[in-house]
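Asks: Build the 3D model from these lines:
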Amino acid sequence: MGDLQAMIDAAYEKDYNAANGIFNELIGSRMHDALEAEKISMADAMFNGEDQADELEADDTTSEEDLEIDLSDEEMAEFEADEEAVENMSDEEPEE
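Replies: Predicted coordinates for the structure are as follows:
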């Protein structure tokens, strides 16, 4: 979670280019992992005759349930602390 903290710190310091770069790296990593898992699933379905359990629907909509991420208790506590820190940042007076 060090990258997440670095992104928050960069945003807090108004270094939006750095925050954006870190965000893109984090999202890219997750997308890569998801694509690799889907490739494995598709290959398994094609070569082993397994039916793919979650086929794409025609409308291909994303629900909130699709966006849920499983976090351990420790990760969830860290996420909530980070979220609270971000909320507190918006309550503070801007420095001049």
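Asks: residue boundaries of the helices in this protein?
Replies: 2-12, 16-48, 73-91 (DSSP state H).
Asks: so where is the chain shaky, pLDDT-wise?
Replies: Applying pLDDT under 70 to the chain flags the ranges 1, 50-71, 90-96.
Asks: burial of Leu26, as a residue count?
Replies: 14 (other C-beta atoms under 10 Å). In this view, the C-beta of every residue, glycine as well, is placed from N, C-alpha and C.
Asks: tally of neighbours for Ile22?
Replies: Ile22, neighbours per other C-beta under 10 Å, totals 20.
Asks: how much space between it and Asp3?
Replies: The spacing between Ile22 and Asp3, counted by C-beta to C-beta, to the nearest Å, is 6 Å.
Asks: What are the contacting residues of stretch 6-24?
Replies: Asp3, Leu26, Asp82, Ala85, Val86, Met89 (C-beta atoms under 8 Å, 6 or more residues apart in numbering).
Asks: Drop anything exposed from these.
Replies: Buried members of the contacts of stretch 6-24, counted by 16 or more other C-beta atoms under 10 Å: none.
Asks: Tell me which two of these sit farthest apart.
Replies: Leu26 and Met89 (19.3 Å; C-beta to C-beta).
Asks: Can you lay out the contacts of stretch 6-24 as TSV showing distance to Ala43?
Replies: Shown next, in TSV, are those (distance: C-beta to C-beta, whole Å):
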residue	distance to Ala43
Asp3	30
Leu26	27
Asp82	37
Ala85	42
Val86	40
Met89	45
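Asks: Return the member of the residues you listed nearest to Met42.
Replies: Closest to Met42, out of all of these and judged by C-beta to C-beta, is Leu26, at 24.9 Å.
Asks: The closest one and Gln5 touch, don't they?
Replies: No. Checked against C-beta atoms under 8 Å, the pair Leu26 and Gln5 is beyond contact range at 11.5 Å.
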